[in-house]
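Novice: structure for this input, please:
(one chain, ligands or ions: 2)
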Amino acid sequence: MFDQAAGLRKRVNGIKNSRVIAVASGKGGVGKTNVAVNLGLALRKRNLRVLLIDADLGTANIDVLLGLTPNFHLGHFLSGERELNEIIIDGPGGLNILPGTSGLEEFLDISRRQVERLRFLSFQLESSYDIILVDISAGVHSNNINFISICDEVIVVLVPEPTAIMDAYSLVKILHNHQYSGKINLLINQLNSRQEGKGILERMSKVIRDYLGIQAEIVGYIPFDNHLRQAVKKQKALLDLYPGSKAGQAFDEVAEVLVNKQAENTVDRDNDKEGFINRLLNLFK
Ligand SMILES: Nc1ncnc2c1ncn2[C@@H]1O[C@H](COP(=O)(O)OP(=O)(O)OP(=O)(O)O)[C@@H](O)[C@H]1O
Ligand SMILES: [Mg+2]
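Specialist: Ligands and ions are numbered 1, 2, ... in the order given. Have a look, this model is predicted:
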């Protein structure tokens, strides 16, 4: 396990250290925050250094899901009131969490001085973590598209319902229209049968290929599982409370797929040496 993590860090060294993955969806309530948290924990088990960034401006935040009460957020860092180590909080299983909320609203109207702080922030994060998972608000609002665009890849989460399927496709299409060049991954949640999920994702990936001319990777199938609901009610992560549950095992499989894909492809934007930091700063130009 350790060797795998060390190998991954070594491989990406010299290009950039972190792999930044947005967790997004067209439709709300499909399970993004739970995917970000539990995938984060599954990656931690593989000895990877994982940071979750809460970029969801809505109400269902990572800290609420995990029963944490952060005192500070990104806004305090950007204004210079607090340093990074005062903002990042410890979650279960060695997960680190960067609370976003109101800080991210300021993010959209940022001063020159704050851009300098942001440059420093990105640099520190990129050198401290192997994987950064960004929990994005649902929908195709331009803020969301901007956030997704600065990440190396996106996991589009959907559930087996026509509205969620259509909205997931719209999100991919809009990303494509915005010249998004990162990798697109598809994950289906709340499944009653894996077979159903397989049919939906294979069709979706074919439609994306045929109509948009781009490749979308299928990264996982998460069953509907009452253990997850129980965990949410107790404000704990599923993988913390019920690691052996069906959904828990499925999150482990997704982590395995993501890590193996990394091994096969190294960093997908190898020719894009500017990395996350500069893409982030370009948002403010
Ligand atoms: N695999 C699952 N099995 C059972 N219930 C689930 C599963 N995934 C999600 N849920 C239910 O869906 C709810 C919403 O999940 P979550 O908050 O992760 O969605 P979200 O996409 O982040 O929502 P939002 O768009 O509001 O941010 C959970 O509280 C849980 O009740
Ligand atoms: Mg959420």
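
Novice: please make it C-alpha for all contacts and neighbour counts, starting now.
Specialist: Fine.

Novice: tell me, how many residues neighbour residue 128?
Specialist: 15 (other CA atoms under 10 Å).

Novice: so it makes contact with residue 84?
Specialist: No - using CA atoms under 8 Å, residue 128 makes no contact with residue 84, being 11.6 Å away.

Novice: identify the residues contacting the residue in the stretch 151-285 of the chain positioned nearest to ligand 2.
Specialist: Closest residue of the stretch 151-285 of the chain to ligand 2, CA to the ion: residue 157 (11.0 Å). Shown in contact with residue 157 (CA atoms under 8 Å, 6 or more residues apart in numbering): 23-26, 30-32, 168, 186-189.

Novice: at 6 Å instead, please
Specialist: Applying CA atoms under 6 Å, 6 or more residues apart in numbering to residue 157 gives the contacts 25, 187-188.

Novice: all helices for the chain, in order.
Specialist: 2-12, 32-44, 62-65, 74-78, 84-87, 102-107, 112-128, 142-150, 162-177, 194-207, 226-233, 238-241, 246-265, 275-282 (DSSP state H).

Novice: report pLDDT for the residue in the stretch 151-285 of the chain positioned nearest to ligand 1.
Specialist: Closest approach between the stretch 151-285 of the chain and ligand 1, counting by CA to the nearest ligand atom: residue 224, at 3.5 Å. Predicted confidence (pLDDT) for residue 224: 98.

Novice: what's the local residue count around it?
Specialist: Neighbourhood size, residue 224 [other CA under 10 Å]: 16.

Novice: surely it touches residue 191?
Specialist: Yes - with contact defined as CA atoms under 6 Å, residue 224 reaches residue 191; the gap is 5.0 Å.

Novice: what's the separation between whichever residue of the chain sits closest to ligand 2 and residue 55?
Specialist: Residue nearest to ligand 2 within the chain: residue 33 (4.1 Å; CA to the ion). According to CA to CA, to the nearest Å, residue 33 and residue 55 sit 10 Å apart.

Novice: so what's the residue count around residue 192?
Specialist: Neighbourhood size, residue 192 [other CA under 10 Å]: 13.

Novice: who in the stretch 1-150 of the chain is up against ligand 1?
Specialist: Proximity of the stretch 1-150 of the chain to ligand 1 is confined to 28-34, 60, 137-138 under the rule CA under 6 Å from any ligand atom.

Novice: could those residues go into TSV alongside neighbour count and pLDDT?
Specialist: Shown next, in TSV, are these (neighbours: other CA atoms under 10 Å; pLDDT from 0 to 100):
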residue	neighbour count	pLDDT
28	15	93
29	16	94
30	21	97
31	19	97
32	27	96
33	23	96
34	22	98
60	13	58
137	28	88
138	23	91
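
Novice: distance to residue 214 for those residues - can I get that in a markdown table?
Specialist: Converted to a markdown table, those look like this (distance: CA to CA, whole Å):
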| residue | distance to residue 214 |
| --- | --- |
| 28 | 24 |
| 29 | 26 |
| 30 | 24 |
| 31 | 25 |
| 32 | 23 |
| 33 | 26 |
| 34 | 27 |
| 60 | 32 |
| 137 | 24 |
| 138 | 22 |
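
Novice: among these, which one lies nearest to residue 251?
Specialist: Nearest to residue 251 among those: residue 34, at 10.0 Å, using CA to CA.

Novice: first-to-last residue distance for stretch 232-239?
Specialist: End-to-end distance for stretch 232-239, by CA to CA: 11 Å.

Novice: now intersect the residues of the stretch 1-150 of the chain next to ligand 1 with the strands, please.
Specialist: Assignment to strands by DSSP state E places none of those there.

Novice: any idea of the pLDDT on residue 11?
Specialist: pLDDT, read off for residue 11, is 38.

Novice: I should have written residue 99 there, sorry.
Specialist: Note on residue 99: pLDDT of 88.

Novice: what about it, how many neighbours?
Specialist: Residue 99: 26 neighbours (other CA under 10 Å).
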